[in-house]
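Trainee: could you look at this predicted model? Sequence included:
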Number of protein chains: 2
Amino acid sequence: MRSKMTAQHIYQSLRSMILDLELAPGSRFTETQVADYFQVSRTPVREALQRLEVEKQITIRPKQGCFVRVVDIARIRDYYDVRVAIETLAVRLACVHMPDAALRELATQWDPANLFFGAESSDRIKLAEEAFHIALAQGSGNEALVRYLTDINDHIRVVRRLGWPDYSSIEDTYAEHHDICRLMLNRDAEAAEACMLQHIRKSQTRADQLTLAQLSEPARNPFAGTALQ
Amino acid sequence: MRSKMTAQHIYQSLRSMILDLELAPGSRFTETQVADYFQVSRTPVREALQRLEVEKQITIRPKQGCFVRVVDIARIRDYYDVRVAIETLAVRLACVHMPDAALRELATQWDPANLFFGAESSDRIKLAEEAFHIALAQGSGNEALVRYLTDINDHIRVVRRLGWPDYSSIEDTYAEHHDICRLMLNRDAEAAEACMLQHIRKSQTRADQLTLAQLSEPARNPFAGTALQ
DNA sequence: CGATGCAACGTTGTATACAACAGGTGAAAA
DNA sequence: TTTTCACCTGTTGTATACAACGTTGCATCG
């Protein structure tokens, strides 16, 4: 099925650019620029942009252009508050519905003993960290929960991107993920919830330490010079 | 600013039709049908439909058509579980951030003493009920929370629509809303949270009593005969 | 020198034409 | 009778042309 692949591709590409800060927050671009960049017409570009606007990743100002969402630290706090509520619910539900096999697999993946084998790249860890939380949400069997958590992740990814200072926090992450899995295998929902809460709050302190300078540091607009090619 | 009014209007109209069950769940329609119905081209229609698809109100099957989402009772339970988590958080936050004036206004509106004055219509009550919960979410000062709760409401509205059996439940609603406001005015977050939890769970029992027969009863496709006009 | 109006430009909103593909229908062959 | 296959129709995906509107810059007037 090749239908709608163009719009989908553009959507995912733009989304990655925004989440990875390749497009500077607050910067402006136009539909035509993106269309020229991807060598397509404006139609599939518009579809991608409209979806990104619904997700509040960009703002489309009529007759003016598209603007990448600005990172507001206060808003990130908001997302973290919701995330705590969402993920503690996810753990509680997954404690009931997630099969042992899936939990054991996660526990193995995040066993601190396996930490030194791979010498994993930092980027890979960040992706895996996000995948871990999504996996638990999926284990809850609640699709809406997965959808909201995905949206939250899209808005706080900048914290995972920039705010992972030292190696010890990676060690901590392994230990905490492992603990959560163990508690869930014991079907101890309360303890697992508490552990998840601490885990997220610790991440939130990293978010709080992000400065505005860090957030507004990269720049450059990939679409700037497309007309010349 | 008249820009984008067409697409916006079509989006809101379609959304209302779906939420009010004027479009039968599972029924099929095409972009052209909607375009003819509203006397516009397919372009703004597509924008509205794509947004509805993101919100999971419809499914667009390439080269086949658009299908109104089917109401799945299990999924409604899912949304209720998330709603409890979201709204208890909203109450907790609003207890801190919401000014007394706003809370007093809500308390007055839902004072059981005022119940008999208006002889309110059933539809009006249902709208007000939803507005009450949104108001508390807005009082939390957390925009993401408002966004998610709005999405949840869009998916469980069928319960408010069909599952409001008797007059006593309206009385109960007034009393519970009033209690929540009073507790929040006392800044007693724990009690207010507990009250909200009970309030939502009671609504959930109404949802559980909905039968598949009730959900699949209305039919008719408003777009069926548009070509003749 | 400042304010105001106007015109040209850039950008998105909408309409329309065409392309690509899924599904059904019918006839023909086994 | 059953199966297969080609064709036709309907529907969405994409490209492009045009319209409406906001912005900006400059010239003109006070």
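Mentor: Alright, I've got the coordinates.
Trainee: now the strands for chain A?
Mentor: A:28-29, A:58-61, A:65-68 (DSSP state E).
Trainee: pipe these into JSON lines and attach mean pLDDT and mean neighbour count per row.
Mentor: (C-beta placed from N, C-alpha, C; glycine too.) Listed next are those as JSON lines, based on pLDDT from 0 to 100; neighbours: other CB atoms under 10 Å in any protein chain shown:
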{"stretch": "strand A:28-29", "mean pLDDT": "98", "mean neighbour count": "19"}
{"stretch": "strand A:58-61", "mean pLDDT": "98", "mean neighbour count": "16"}
{"stretch": "strand A:65-68", "mean pLDDT": "98", "mean neighbour count": "18"}
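Trainee: excluding its backbone neighbours, what's nearest the residue positioned nearest the centre of chain A?
Mentor: The C-alpha lying nearest the average C-alpha coordinate of chain A belongs to A:Asn153 (CA atoms, centre = their mean; 3.2 Å). Spatially, and ignoring its direct neighbours in sequence, A:Asn153 is nearest to A:Glu130 (5.6 Å; CB to CB, 6 or more residues apart in numbering or on different chains).
Trainee: quick one: contacts for that neighbour?
Mentor: A:Asn153, A:Arg157, A:Arg160 (CB atoms under 8 Å, 6 or more residues apart in numbering or on different chains).
Trainee: so is the longest helix along chain A next to chain B?
Mentor: Taking DSSP state H as the criterion, chain A has its longest helix at helix A:73-97. Yes - interface with chain B: helix A:73-97 contributes A:Arg75, A:Asp78, A:Tyr79, A:Asp81, A:Val82, A:Val84, A:Ala85, A:Ile86, A:Thr88, A:Leu89, A:Leu93 (CB under 8 Å from any CB of the partner chain).
Trainee: any buried residues in that helix, and which?
Mentor: By neighbour count on 16 or more other CB atoms under 10 Å in any protein chain shown, the buried set for helix A:73-97 is A:75-76, A:78-95.
Trainee: how about the residues of chain A near chain B?
Mentor: Checking chain A against chain B by CB under 8 Å from any CB, the hits are A:1, A:3-4, A:46-47, A:50-51, A:54-56, A:62-63, A:75, A:78-79, A:81-82, A:84-86, A:88-89, A:93, A:141-145, A:147-148, A:151-152, A:155.
Trainee: overlap between these and the residues near DNA strand C?
Mentor: A:Met1, A:Ser3, A:Arg46, A:Pro62, A:Lys63 (CB under 7 Å from any atom of the strand).
Trainee: what is the nearest of those to B:Asp111?
Mentor: Lowest distance from B:Asp111 to these (CB to CB) belongs to A:Pro62, with 43.2 Å.
Trainee: how much space separates the spatially closest residue to the closest one that is not a sequence neighbour from B:Pro44?
Mentor: Excluding its sequence neighbours, the residue lying closest to A:Pro62 (CB to CB, 6+ apart) is B:Ser3, at 3.6 Å. From B:Ser3 over to B:Pro44 the distance is 11 Å, taken as CB to CB, to the nearest Å.
Trainee: again, but for A:Ser203
Mentor: 42 Å.
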